[in-house]
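>>> Sharing a model prediction with you, sequence too.
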Amino acid sequence: MIRKTLYGGLVAALLAGAVQAGQERGQVTNLPLPRFVSMKAVEGNVRRGPSLSHRIDWVFKHRDMPLEITAEHGHWRRVRDRDGAGGWVHYSLLSGARTVLIEQDMVPLRLRADPHSPETARLALGVVARLGECTESWCRLTAGGYKGWARKASLWGVRPDEIRD
């Protein structure tokens, strides 16, 4: 019961945000489009169209990689990665758990969302980190056992205007 309520509350919050922003919504889930998710599977076939009969163009091979859903069709989601590469993947390969990709080399993780706060670590270009809370300019990340705040501008997988509690 609690899980249903929490899930229902999350869906309601996403829908309210989409309506306020005038954002398009998916015809299957009614969730905002585009939206970010992550790869749940270790690898996933990327198809040319939304069915098993469509040709596999390539395979995503990085668990937790952030992806952006741009369309929905039945059990299929059209996704793209940071480089714009993508296609259709089965929804069961995706997770709502949010991750981001570090887009600059040696991004400092800070104790607080403040450029003068002490560093807890530095993240290399291409590292995938778990996404937590986000303010207007900062996001809380977890990667390799380290936690801290990084500037949102150095991340892919979170919208510039996205605020997360």
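That came in fine, so what should we check first?
>>> got the contact list for the residue nearest to Pro118 when sequence neighbours are not counted?
Ranked by C-beta to C-beta, 6 or more residues apart in numbering and with sequence neighbours excluded, the top spatial neighbour of Pro118 is Leu111, at 5.0 Å. Yep, even glycine has a C-beta here, placed from its N, CA and C like the rest. Counting by C-beta atoms under 8 Å, 6 or more residues apart in numbering, Leu111 touches 117-120, 148-149.
>>> Which two among the residues you listed are spaced furthest apart?
Greatest spacing in the contacts of Leu111, by C-beta to C-beta: Pro118 and Trp149 (10.9 Å).
>>> more crowded one of these two?
Neighbours were counted for Pro118 and for Trp149 using other C-beta atoms under 10 Å; Trp149 has more, 24 against 10.
>>> And that one, how far from His62?
24 Å (C-beta to C-beta, to the nearest Å).
>>> ok, now Ala129?
For Ala129 relative to His62 (C-beta to C-beta), the value is 13 Å.
>>> Can you name the helix or strand that Arg140 falls in?
Per DSSP states H and E, Arg140 falls inside strand 138-143.
>>> what about stretch 158-165, how long is it end to end?
Terminal residues of stretch 158-165 lie 13 Å apart, using C-alpha to C-alpha, to the nearest Å.
>>> with the contacts of Leu111 in mind, which one is nearest to Ser137?
Within these, distances to Ser137 taken as C-beta to C-beta reach their minimum at Trp149, with 9.6 Å.
>>> what's the nearest residue to that closest one if we skip its chain neighbours?
Once flanking residues are discounted, Trp149 sits nearest to Ala113: 4.4 Å by C-beta to C-beta, 6+ apart.
>>> SS state for the one you found?
At Ala113 the chain is in coil, as set by DSSP: H, G, I helix; E, B strand; the rest coil.
>>> so what's it up against?
135, 137-138, 140, 149.
>>> Good, wrapping up.
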